[in-house]
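Participant: Sequence isn't available, so here's the structure alone:
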Ligand code: TYD
Ligand code: MG
C-alpha cells in the first residue's frame, strides 16, 4: 500500500515545503510554489518513485572500459558545431534553451536532417508539433529530412517504446517541458515531471550511448522555465539568444563537459531557416553611422572569436528628479560605476542628464575590456564630438581612473584591421599589435586624446609620448 501526501514544490529550484508560502524558502523566488501529490513508499518513508533508480553499479577499472567512440560527431550545422567544440559527443545529453520562437526547433531540424543525410539514425520526439507541421517546416527550410524518424508523443512510456523500436543514434526531444510520465504523480509541466523525465533520458543516454538533445523553453528573465535543476543533470547547456524581431541569433554554451564554454555561434534567421554568419563583426557593424557622437567600437572576444561591437551612448537632459541610467547589452551596475569614474577622474559630468548606453545590434558584452569604449561613447555624447571613424578602443577602467590592459589584444586588433580600422586606442601596458596604436595611461588622458578635452595637469605627463599621435586621433 502506498500513501499519498501533499507537498508544495518550487517550480524554479525544486525545493519542497509542507506549507504554501508566497516566496520559495530555497531560492527566494516569488509565486513559484505549486501543490503536488507525492506517493510515500511503505516502510521507507521515501518519496516515490525514485527516478532512474536501479541495481547499484559495480566499480570497474577505467582500463577495462571499452567505451563507444567518444569523439564529437559534427551535426552539419557549422555554428552549432563551433559552440559544441566540434559536434555532439555520443552518449552525451545537451540542453538547448531559448525563448519560444527563437529558433530551437528550426536549428535541431536542420541538424537532424544533416545527421541523417550523413547516415545517422535520427529520431525526433515532437511533443509540441504534429509530424505534418514538422514536414512543412523541413520543406520550408529546403532540407532533406526524409530519413528523420518522427514521433509526436508526450508520454515517457510511448517515447521509450519509440526509442526501442527505432534504435536511434541521435534523439531530440522537443520540448522536455511538455513530456510527462504517468508514473509520477504530478501535473505535466511541473518541475517533478520535467526533472523526472530528464533523469530517465539521461540514464538512458549514459547506459546506451544514445546522443540526446533536449529542448527547453526559457522564461523572459532568462532562466529555464521551471527546472534550473535540469542544468545539473545534462552535460552541455547551450542557450539561444536574440531579439525575436531581429534576425540575428546567438548561441552560447554556458556549461560544457567536453570542451570550453564561451564559444559563440552566430546565425541569421532567414526565410530558409538559420544560416551561419561567418563575418559576425561585419554584421554587427553593418548599420553603423559614421561621424556620429556617442559611438565607440570595441573589439570583443567571445570564446575564441573576435567580434567588433559598436557601443553607443545617448545623453539627454533629465526631466525627472533622479536621472535615468539605462544599459542594454551590458551590466547596468558597470555603467553606473563608469559614470562615477568619468565624473571623478575625467571631468565629464552627466549630473542632471539621463544616460542610455547600449551594445548595438543585440550584442551582449560581459568583458570589462569594453569599459573604455563605454566611457568614450558617453564622453563623446556629452560633448557632442564624434570619435574618429577608423578607431577601435580597448581598455578596462579602474576606480582610480587608470587604464588596464585587456587579454588577447593582438587578436582583437587583427580583426579590427581586417574590417578596415586604421588605429587603436589601448592602455599603455598593452603588447605590440598589427594596428598602429595610440596609448593612454588614464581615462582622463584617453578622453583628452579622442574627444579633445585637455587632460588634467596631473594626468598629462604620461601623454607626452603620444601627443603627436593623440593629435592625429582628433584630426
Ligand atoms: P522555431 O524554431 O519554431 O522556434 P522555437 O522552437 O525556439 O520556439 O522558430 C520559429 C520562428 O522562426 C518563427 O517566428 C518563424 C521563424 N522562421 C523563419 O523566419 N524562417 C524559417 O525558415 C523558419 C522555419 C522559421
Ligand atoms: Mg519549437
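Facilitator: Noted; the coordinates are in hand. As the structure is a computational prediction, the values presented were derived from the model and not from experiment. Numbering: from 1, shown residues only. Ligands and ions are numbered 1, 2, ... in the order given.
Participant: and the helix or strand encompassing residue 266, which residues are buried?
Facilitator: According to DSSP states H and E, residue 266 maps onto strand 264-270. Of all the residues in strand 264-270, those buried under the rule 16 or more other C-beta atoms under 10 Å are 264, 265, 266, 267, 268, 269. Using the backbone N, CA and C atoms, a C-beta is placed for each residue, glycine as well.
Participant: just these now: which is nearest ligand 1?
Facilitator: Distance to ligand 1 across the buried residues of strand 264-270 (C-beta to the nearest ligand atom) is lowest for residue 269, with 4.6 Å.
Participant: who's in contact with the closest one?
Facilitator: Residue 269 sits next to 103, 106, 242, 247, 248, 249 when contact means C-beta atoms under 8 Å, 6 or more residues apart in numbering.
Participant: Okay, and the beta partners of it?
Facilitator: Taking DSSP bridges, one finds residue 274 as the beta-bridge partners of residue 269.
Participant: per-residue pLDDT, it?
Facilitator: As predicted, residue 269 sits at a pLDDT of 90.
Participant: go on, residue 473?
Facilitator: Per the predicted model, pLDDT is 49 at residue 473.
Participant: just residue 46 next, same as before
Facilitator: According to the per-residue confidence, residue 46 scores 40 in pLDDT.
Participant: Quick check: phi and psi on the residue of the stretch 351-475 of the chain found nearest ligand 1?
Facilitator: Nearest residue of the stretch 351-475 of the chain to ligand 1 (C-beta to the nearest ligand atom) works out as residue 362 at 15.5 Å. Phi and psi for residue 362, reported as degrees, to the nearest 10, are phi 80, psi 10.
Participant: And for residue 60?
Facilitator: Backbone geometry at residue 60, expressed as degrees, to the nearest 10, gives phi -130, psi 160.
Participant: neighbours around it, how many?
Facilitator: By other C-beta atoms under 10 Å, 8 other residues sit near residue 60.
Participant: Next: residue 261.
Facilitator: Residues near residue 261, counting by other C-beta under 10 Å: 16.
Participant: Report the contact partners of it.
Facilitator: 252, 253, 254, 255, 303.
Participant: ok, now with 10 Å
Facilitator: For residue 261, the contact set (C-beta atoms under 10 Å, 6 or more residues apart in numbering) comprises 83, 85, 236, 237, 238, 252, 253, 254, 255, 303.
Participant: nearest to residue 280, of the buried residues of strand 264-270?
Facilitator: Distance to residue 280 across those (C-beta to C-beta) is lowest for residue 266, with 4.3 Å.
Participant: any bit of stretch 108-123 sitting next to ligand 1?
Facilitator: No: Stretch 108-123 does not reach ligand 1 (C-beta under 6 Å from any ligand atom); its nearest approach is 7.6 Å.
Participant: ok, now how distant is residue 240 from residue 282?
Facilitator: Per C-beta to C-beta, to the nearest Å, residue 240 is found 22 Å from residue 282.
Participant: neighbour-wise, which of these two wins?
Facilitator: When residue 240 and residue 282 are compared for neighbours, residue 240 comes out ahead with 23 against 13, by other C-beta under 10 Å.
Participant: Three-state assignment for the more buried one, please.
Facilitator: What DSSP: H, G, I helix; E, B strand; the rest coil gives for residue 240 is strand.
Participant: if I look at the residue nearest to it when sequence neighbours are not counted, how far off is ligand 1?
Facilitator: Using C-beta to C-beta, 6 or more residues apart in numbering and skipping the chain neighbours, the partner closest in space to residue 240 is residue 98 (3.2 Å). Computed as C-beta to the nearest ligand atom, to the nearest Å, the residue 98 to ligand 1 distance reads 5 Å.
Participant: what sits opposite residue 98 in the beta ladder?
Facilitator: Beta-bridge pairing of residue 98 under DSSP bridges involves residue 217.
Participant: quick one, what contacts it?
Facilitator: Residue 98 makes contact with 104-105, 107, 215-218, 222, 224, 238-242, 249-251 under the criterion C-beta under 10 Å, 6+ apart.
Participant: mean confidence for the lengthiest helix in the chain?
Facilitator: Identified as the longest helix of the chain according to DSSP state H is helix 191-208. Throughout helix 191-208, pLDDT has a mean value of 90.
Participant: So which elements touch that helix?
Facilitator: strand 3-10, strand 33-40, strand 93-98, helix 156-166, strand 170-174, strand 211-217, helix 230-233 (3 or more C-beta pairs under 10 Å, 6 or more residues apart in numbering; DSSP states H and E).
Participant: In space, what's closest to residue 285 - neighbours in sequence excluded?
Facilitator: Counting by C-beta to C-beta, 6+ apart, the residue nearest residue 285 is residue 308, at 5.7 Å.
Participant: What segments of the stretch 201-350 of the chain are strands?
Facilitator: For the stretch 201-350 of the chain, strands defined by DSSP state E, counting those that start in this stretch occupy the ranges 211-217, 236-241, 248-256, 264-270, 273-276, 295-302, 305-317, 325-328.
Participant: For the protein, just list every one of the helices.
Facilitator: Under DSSP H, the chain gives helices at 78-84, 104-117, 131-141, 156-166, 191-208, 230-233, 280-285, 332-346, 371-383, 409-418, 443-451, 467-474.
Participant: The third one near ligand 1 anywhere?
Facilitator: Yes: under the criterion of C-beta under 6 Å from any ligand atom, helix 131-141 makes contact with ligand 1 via 137, 140, 141.
Participant: and which of the residues you listed is nearest to residue 208?
Facilitator: residue 137 (28.4 Å).
Participant: List the contacts of the closest residue to the closest one other than its chain neighbours.
Facilitator: Using C-beta to C-beta, 6+ apart and skipping residues adjacent in sequence, the residue nearest residue 137 is residue 109, 6.1 Å away. For residue 109, the contact set (C-beta under 10 Å, 6+ apart) comprises 122, 124, 126, 129, 134, 137-138, 140-141, 143, 145, 148, 150, 172, 174, 273-274.
Participant: List buried residues within these.
Facilitator: Buried among the contacts of residue 109 (16+ other C-beta under 10 Å): 122, 124, 126, 129, 134, 137-138, 141, 143, 145, 148, 150, 172, 174, 273-274.
Participant: what does the protein have sitting close to ligand 1?
Facilitator: Contact residues, the chain versus ligand 1 (C-beta under 6 Å from any ligand atom): 98, 100-106, 137, 140-141, 269, 271-273.
Participant: of all those, which two lie farthest apart?
Facilitator: Taking C-beta to C-beta as the measure, the residues of the chain next to ligand 1 reach their widest spread between 100 and 272, a distance of 21.1 Å.
Participant: in the stretch 351-475 of the chain, what spans have low per-residue confidence?
Facilitator: Flagging of the stretch 351-475 of the chain using pLDDT under 70 yields the residue ranges 453-475.
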